[in-house]
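Undergrad: what shape does this take:
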Amino acid sequence: MQMDKKEIESQELDDALSALGADVNGSVAESEESDTLDAFSFGDGDENSGKGAKKPKKAGMVKKQIIMVSVFAAVALILTLVYFLVLRPIFNERTKEEEQEIVPLIEGEVRDSGGVAILMFPHVEKKNLNKITVKNSYGGYTLQREVVADGSANVNFIIADHPASSVSAETVSKIVVSGGYSVVMRRLEDSCPDDQLYKYGLAPGDSYTTVTVEDIAGNSYEYYVGSIIPSGGGYYCRYSTRSAIYIINSESASILNQSSQSLLSPMLGYPIGGDGATMVDLFGITKNGEEFITFAYDEAESGQTAQSVYKMLYPGEYVIDSDIVSASVTATLASLEGAMVIEAGNGTTEGLLYKNEKLMAEYGFHDLEKPAYELYYQYGDYPSYIIFTESGIDGYYYAYSYIWDTIVLVAETSVPYLKWGLLDFLRTKLFFDEIGEVDYISVSGNAYNKYDISEKFYYDMDEYGTIHSKAESTGWEYDGNYSERNYAQSFFLTVAMINIQGYASDIDFDKSKATEYARMEIKLKDGTVNTYVFYRQGGGGTCYYEINGEGEFYVLKRQIDKMLVDAVRAANNCAVDWEAEWAEYPSENEMLGTN
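TA: A predicted model of the protein is given here:
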């Protein structure tokens, strides 16, 4: 048998009173029990035990406790009765009224899909939207539908004043929802006289925002956004052909009250997603109009490893540190963007800065042909060009994107490699070719300024991976992997251990005052020949070197001396310790394996 609502409430009241009575009775009973136990207490063994001096006082305290419990119980009983008999019916009635209350519509309004909330005009979804035009204190903008020219049914949306600039999908969605879904928090007034519109920032002459929404069928809807409400949680609003005053939420109003530039994505180049971030086809930096570094993706070498490998194109035959480049340079290109768009072009072919000396001067672009920095990269058919000023504000550059026709504020930490030196991009070894790729190595020079040396070693790898090598001057041969003493291979490792130490400018090197100290030529199986020339200036412990006539670094003289001496030792079957820092020229007794 089911009980109706009144019976349920009556039962709840009885249960509450019963529980309350149980608590009261339990408390009184507990107090009486405590008093009874106290009456038969014989003390706790201290010196006052059994004297009974404190018994009358304790009994009085128990009586007070009983009275207090009774008072509290009475108060609780009264409050319970008030709740069930007075307050709860009122709350229930108000909830019932609120659930049933639906504010009547006035002409032009519609309900949302839930059938309760009010929309100032029918919902214009993205698929049916042609454009949203906003006029505000910043000037405003137009979000315009653009049919994709690939024959598909896809559509894009652009900011019409800046058609070449990028706007993110998230920003487009916010504008579409805020402008086309005109749901209101409430209708404040059904009809507001014109002379009272000033209260809401909606009077003629007020700086309100005008929003015009147009769908693809040609229907147009216009409304105005006025002042913020006192609580800050919304804005006053009015539809163009109605005198009613509405309140819309702050989030919708904020996206409608922005400048066109603030809506643009601060991207600098074409984004490269997924693995493309480490497979940029070409990358280059110029400084003050001069080429600084250019490298390209080495597809052949990358195919043999689990990582991207890059090959230096300029300034010389140096070895790019592909690990550093992939992690700290090309990886940033996956989403290379700045902090915010400062200026944006209007879509002219020439671009924002073309013959605009005022704008160039304002942001520090003094010479478009020789910018402080220019970054270029290409992935597939998409090249990106970005130029940077020497400095903008603290910790930031001003950058101009040729692709998006925007001036963007960019943190220096987003492009740290603009200020790198060449050595920061390189491996510090002289070369990194595998021994199986080498045809020959020849060296010549005056080791320790007293031994004139000229040696040449040929290398070959058979089908089983065994290295075979031969010294040209003595004819001494080694059988690689099957020999315990393959000194020609040890000599190869000596060469491979020569380290770049720093920039020639750090040691005040002047080639016009230097003399050639040593020379090395390495020919690879593919026919490539690289010539290394080492120069000394004065009596220091360093050697400046060039590869194929290009260079700007130096190495330690002792490593070049060791390279020359180890070549002699290997050619004469003398032990070569490629890990040692120094090498001793072999004696006659050591020559040709007599050691």
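Undergrad: so how many other residues sit close to Tyr314?
TA: 12 (other Cβ atoms under 10 Å). In short, each C-beta sits where N, CA and C put it, glycine included.
Undergrad: and the gap between it and Ala504?
TA: As judged by Cβ to Cβ, to the nearest Å, Tyr314 and Ala504 stand 17 Å apart.
Undergrad: now do the contacts for Ile102.
TA: 115-116 (Cβ atoms under 8 Å, 6 or more residues apart in numbering).
Undergrad: cool, and Thr142?
TA: Shown in contact with Thr142 (Cβ under 8 Å, 6+ apart): 131-134, 159-161.
Undergrad: kindly report the same for Gln501.
TA: 542, 553-556.
Undergrad: and these, which are buried?
TA: With neighbours counted by 16 or more other Cβ atoms under 10 Å, these contain buried members at 542, 553-556.
Undergrad: check contacts around the nearest residue to Ser182 once chain neighbours are set aside.
TA: In this structure, Ser182 finds its nearest non-sequential neighbour in Met120, 4.0 Å apart by Cβ to Cβ, 6 or more residues apart in numbering. Going by Cβ under 8 Å, 6+ apart, Met120 touches 108-109, 182, 184, 221, 223, 237, 239, 242, 246.
Undergrad: export these to CSV and append columns for pLDDT and neighbour count.
TA: Output for those, formatted as CSV (pLDDT from 0 to 100; neighbours: other Cβ atoms under 10 Å):
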residue, pLDDT, neighbour count
Gly108, 94, 14
Glu109, 97, 20
Ser182, 96, 25
Val184, 96, 22
Tyr221, 98, 21
Tyr223, 98, 23
Cys237, 97, 28
Tyr239, 98, 20
Arg242, 95, 19
Tyr246, 98, 25
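Undergrad: nearest to Tyr448 among those?
TA: Nearest to Tyr448, judged by Cβ to Cβ, of the contacts of Met120 is Ser182 at 88.2 Å.
Undergrad: how much space is there between the closest one and Ser207?
TA: Applying Cβ to Cβ to Ser182 and Ser207 gives a distance of 21 Å.
Undergrad: which strand or helix spans Lys358?
TA: helix 357-363 (DSSP states H and E).
Undergrad: for Glu170, see how far away Phe431 is.
TA: 48 Å.
Undergrad: correction: Tyr379
TA: 24 Å.
Undergrad: and the two? Which one has more around it.
TA: In this view Tyr379 and Glu170 are compared by other Cβ under 10 Å, and Tyr379 has more residues nearby, 22 against 8.
Undergrad: so what pLDDT did that one get?
TA: Note on Tyr379: pLDDT of 87.
Undergrad: what of Gln65?
TA: 52.
Undergrad: and for Asp433?
TA: Per the predicted model, pLDDT is 85 at Asp433.
Undergrad: so where is this protein shaky, pLDDT-wise?
TA: Applying pLDDT under 70 to the chain picks out residues 1-101, 148-153, 273-278, 302-306, 392, 480-484, 592-595.
Undergrad: please name the nearest non-neighbouring residue to the residue nearest the centre of it.
TA: With distances taken as Cα atoms, centre = their mean, the residue of the chain nearest its centroid is Ser335 (7.5 Å). Sequence neighbours aside, Pro271 is the residue nearest to Ser335 in space, at 5.6 Å (criterion: Cβ to Cβ, 6+ apart).
Undergrad: what residues are up against that neighbour?
TA: 334-336.
Undergrad: over to Glu337?
TA: 265-268, 408, 414.
Undergrad: can you point out the buried residues in stretch 560-578?
TA: Within stretch 560-578, the residues that count as buried by 16+ other Cβ under 10 Å are 560-574, 576, 578.
Undergrad: repeat that for stretch 216-228.
TA: Buried, per 16+ other Cβ under 10 Å, within stretch 216-228: 221, 223-226.
Undergrad: tell me the buried residues in stretch 175-186?
TA: So stretch 175-186, judged by 16+ other Cβ under 10 Å, has buried residues 175-185.
Undergrad: now, those residues that are in helices?
TA: In helices, judged by DSSP state H, the following of those are found: 175-180.
Undergrad: rewinding a little: just the closest of the contacts of Glu337 to Val325, please.
TA: Ser414 (16.3 Å).
Undergrad: quick one: the closest one and Tyr373, what's the gap?
TA: Ser414 sits 13 Å away from Tyr373, going by Cβ to Cβ.
Undergrad: neighbour count winner among these two?
TA: Between Ser414 and Tyr373, counting by other Cβ under 10 Å, Tyr373 is the more crowded of the two (20 against 17).
Undergrad: nearest residue to that one other than its sequence neighbours?
TA: Phe388 (4.1 Å).
Undergrad: same check, this time on Ala567
TA: Closest to Ala567 by Cβ to Cβ, 6+ apart is Glu455, at 3.9 Å.
Undergrad: do Met360 as well
TA: In this structure, Met360 finds its nearest non-sequential neighbour in Leu353, 5.6 Å apart by Cβ to Cβ, 6+ apart.
Undergrad: doesn't that neighbour belong to a strand?
TA: No: read with DSSP: H, G, I helix; E, B strand; the rest coil, Leu353 is coil and lies in no strand.
Undergrad: ok, it touching Phe365?
TA: Yes: Leu353 lies in contact with Phe365 (Cβ atoms under 8 Å); the separation is 6.1 Å.
Undergrad: what touches both of these two?
TA: 359, 400.
Undergrad: what's across from Gly445 in the sheet?
TA: Ile453, Ala518 (DSSP bridges).
Undergrad: dump the residue contacts of it.
TA: 452-453, 517-519, 534, 560, 564.
Undergrad: could you pull out the helices for the chain?
TA: Using DSSP H, helices in the chain cover 5-39, 55-82, 88-100, 169-180, 250-256, 299-302, 322-328, 357-363, 487-496, 557-571.
Undergrad: dump the residue contacts of the residue lying closest to Tyr402 once chain neighbours are set aside.
TA: With Cβ to Cβ, 6+ apart as the criterion, Tyr402 has its nearest non-adjacent residue at 4.3 Å, and that residue is Tyr385. By Cβ under 8 Å, 6+ apart, the contact list for Tyr385 reads 269, 374-376, 401-403.
Undergrad: quick one: which two of these are the most distant?
TA: Farthest apart among the contacts of Tyr385 - using Cβ to Cβ - are Glu374 and Ile403, which lie 13.2 Å from each other.
Undergrad: intersection of neighbour lists for the two?
TA: 385-386.
Undergrad: between these two, which is the more surrounded one?
TA: With neighbours defined as other Cβ under 10 Å, Glu374 and Ile403 compare such that Glu374 has more, 23 against 17.
Undergrad: what distance do you get for the closest residue to the more buried one other than its chain neighbours to Ala518?
TA: Spatial nearest neighbour of Glu374, chain neighbours left out: Thr286 (4.4 Å); criterion: Cβ to Cβ, 6+ apart. Going from Thr286 to Ala518 by Cβ to Cβ gives 34 Å.
Undergrad: ok, these two, which is more surrounded?
TA: Under the criterion of other Cβ under 10 Å, the comparison of Thr286 against Ala518 puts Ala518 first, with 22 against 18.
Undergrad: quick one: the more buried one and Lys562 touch, right?
TA: No: between Ala518 and Lys562 there is no contact under Cβ under 8 Å: 11.0 Å.
Undergrad: quick one: Asn130 from Trp404, how far?
TA: Taking Cβ to Cβ as the measure, Asn130 falls 24 Å from Trp404.
Undergrad: among these two, which residue is more densely surrounded?
TA: Trp404 (26 against 16).
Undergrad: does the more buried one really touch Ile159, like I thought?
TA: No: with contact defined as Cβ under 8 Å, Trp404 does not count as touching Ile159 (11.3 Å).
Undergrad: quick one: contacts for Glu109?
TA: Per Cβ under 8 Å, 6+ apart, neighbours of Glu109: 118-121.
Undergrad: and those as TSV, adding distance to Thr474?
TA: Formatted as TSV, the contacts of Glu109 follow (distance: Cβ to Cβ, whole Å):
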residue	distance to Thr474
Ile118	99
Leu119	95
Met120	97
Phe121	96
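Undergrad: closest one to Thr494 out of those, please.
TA: When those are compared against Thr494 (criterion: Cβ to Cβ), the nearest one is Leu119, at 80.9 Å.
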